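Give me coordinates for this.
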Amino acid sequence: MSKVGDAVRNILECSGSRAVMLVDRATGHAFVSMGEQGLLLPAESVGEVYQMAESVQLAGSGHEVVETESIMVTTAAYHHVIRPVPGGGSDGPLLSVVFDRGRTNLALARRELDARAETLLA
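Residues are numbered from 1 along each chain as shown. This is a model prediction of the structure:
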């Protein structure tokens, strides 16, 4: 398996993680996905959701625009987290991770995800 594949598998081993996908922000192409595929958003939608969140920020109160750190959608059963890969730049890949809500402390899961995501482009 490739280094990226190993790094994605490492993220899938986060507490409560059920599915992980690495997506090209520009094309919506999934580089790699692992876990329960039916829980993930379609790859092309991941970039669109991220772009929508940045557009909402631009339409905000006119304050300085800062980089979007992550987007979270919480359902009754899952936490969906979309975030840019650290070190990927403004056009770098996005990481989509689904956590089981019943088995996950979201704050701790985000912290663990941040630490493990650092290895993706290392």
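
among the helices and strands of the protein, which has the poorest mean pLDDT?
helix 43-58 (a mean of 82; mean pLDDT, DSSP states H and E).

other SSEs contacting that helix?
When contacts are defined as 3 or more Cβ pairs under 8 Å, 6 or more residues apart in numbering; DSSP states H and E, helix 43-58 packs onto strand 17-23, strand 71-74, strand 78-84, strand 94-100. Where C-beta positions appear, they are placed from N, C-alpha and C, glycine not excepted.

ok, now with 6 Å
strand 78-84, strand 94-100 (3 or more Cβ pairs under 6 Å, 6 or more residues apart in numbering; DSSP states H and E).

Give me the mean pLDDT for the helix or strand following the last one.
When you say that, I think you mean strand 94-100. The C-terminal neighbour of strand 94-100 among helices and strands, as given by DSSP states H and E, is helix 106-117. The average of the pLDDT scores along helix 106-117 is 91.

Alpha carbons of helix 106-117, as PDB, please.
The C-alpha trace of helix 106-117 is given here as PDB (Å, rounded to 0.1, in the frame of the first residue of the first chain):
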ATOM      1  CA  LEU A 106     -16.300  15.000  19.000                       C
ATOM      2  CA  ALA A 107     -13.700  17.300  20.600                       C
ATOM      3  CA  LEU A 108     -11.300  14.400  21.300                       C
ATOM      4  CA  ALA A 109     -11.900  12.900  17.800                       C
ATOM      5  CA  ARG A 110     -11.100  16.200  16.100                       C
ATOM      6  CA  ARG A 111      -7.900  16.500  18.100                       C
ATOM      7  CA  GLU A 112      -6.900  13.000  17.200                       C
ATOM      8  CA  LEU A 113      -7.800  13.600  13.500                       C
ATOM      9  CA  ASP A 114      -5.700  16.700  13.400                       C
ATOM     10  CA  ALA A 115      -2.700  14.900  14.700                       C
ATOM     11  CA  ARG A 116      -3.100  12.000  12.300                       C
ATOM     12  CA  ALA A 117      -3.900  14.200   9.300                       C
END
